[in-house]
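Undergrad: Predicted model and sequence below, questions to follow.
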Amino acid sequence: MAAVVPALTFFLLVLPAALVAIALGAGLRPLPYELFVVLQRQPLAFPLHMIASGLALILISIAAFARPWRGVHRAAGRLAAVAIIVGGLTALPVALASEATAPARAGLFAQGLVWLTLLAIAIVAIRRGEASRHARMMIAMAAVVSGAIWLRLVMLVANRVGLPFDMAYAVATWACWLVPLAMTAMASSMARWRPARAWQRA
């Protein structure tokens, strides 16, 4: 039963969002006007960003599911790292090329920087043999990457209820990755606090 929720999350949220991003980046689906403008301004960075980010969503999930199988986990993790580096680096010029408001562009730009920072910390941790810290950083990075999924869902709801687009998009570009990141940080802190409390009682 414990694997049911992650599997459903992957197939119902992660995989569809990843495939849509890859299809948009590869030109297999028509782009909305806002993304078409970005493509015209960043004809190389935009497709690379969409495809690499979609692949990163899939590969991070595979690496997480494959933790019991070290070889598969390591291979998927390395491929995910490459996809995240490409997706994170190209996110920066893509964010700046957007027609969104300055706060929204800043949120997208910051998300790309945080992707890359968490990946760097995770790589350093595993090279030092700090597997627990590596896992925490990868979970945090997955939370940041998941912002791409939540952003689309939040904006769909915002449009349905008639919220002002610019305001809703500016808030969402920050909240959709900061909130998952904060939640994973809190969960990680609680998980480390409980064993410490148990040891103190003993």
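TA: Structure's in. What do you need? Residues are numbered from 1 along each chain as shown.
Undergrad: Going by neighbour count, which residues in the top helix by length along the chain are buried?
TA: Once the chain is assigned using DSSP state H, the helix that runs over the most residues is helix 165-201. By 16 or more other CB atoms under 10 Å, the buried positions in helix 165-201 come out as 168-178, 180-181, 184, 188. Heads up, the C-betas are built off the backbone N, CA and C, glycines and all.
Undergrad: so how far is it from its chain's centroid?
TA: Offset of helix 165-201 from its chain centre (CA atoms, centre = their mean, to the nearest Å): 14 Å.
Undergrad: Which strands or helices does that helix pack on?
TA: Secondary-structure packing of helix 165-201 (3 or more CB pairs under 8 Å, 6 or more residues apart in numbering; DSSP states H and E): helix 102-127, helix 131-145, helix 147-161.
Undergrad: mind listing what's buried in the second one?
TA: To tie it back to what came earlier, the one meant is helix 131-145. For helix 131-145, using 16+ other CB under 10 Å, the buried residues are 133-145.
Undergrad: ok, these vs Q42, which is closest?
TA: Taking CB to CB as the measure, Q42 lies nearest V145 of the buried residues of helix 131-145, at 19.8 Å.
Undergrad: The closest one contacts I58, doesn't it?
TA: No - if you go by CB atoms under 8 Å, V145 and I58 don't touch, sitting 10.6 Å apart.
Undergrad: I'd like the helices and strands packed on helix 165-201 as CSV, with mean pLDDT appended.
TA: CSV is the format used below for these (pLDDT from 0 to 100):
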stretch, mean pLDDT
helix 102-127, 95
helix 131-145, 89
helix 147-161, 91
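Undergrad: So which of those helices is nearest R70?
TA: Using CB to CB, the helices and strands packed on helix 165-201 put helix 131-145 closest to R70, at 10.8 Å.
Undergrad: List the contacts of the closest one.
TA: 53, 56-57, 60-61, 63-64, 77, 84, 111, 114-115, 118-119, 121-122, 125-126, 177, 180-181, 183-185, 188 (CB atoms under 8 Å, 6 or more residues apart in numbering).
Undergrad: Show the buried residues in the residues you listed.
TA: Buried subset of the contacts of helix 131-145 (neighbour count, 16+ other CB under 10 Å): 53, 56-57, 60-61, 63-64, 77, 84, 111, 114-115, 118-119, 121-122, 125-126, 177, 180-181, 184, 188.
Undergrad: Surely W150 and C176 touch.
TA: Yes - between W150 and C176 a contact is recorded at 3.9 Å, counting by CB under 8 Å.
Undergrad: and P68, how far is that from G147?
TA: According to CB to CB, to the nearest Å, P68 and G147 sit 28 Å apart.
Undergrad: So between those two, which is more surrounded?
TA: A direct count of neighbours by other CB atoms under 10 Å for P68 and G147 places G147 higher, at 25 against 7.
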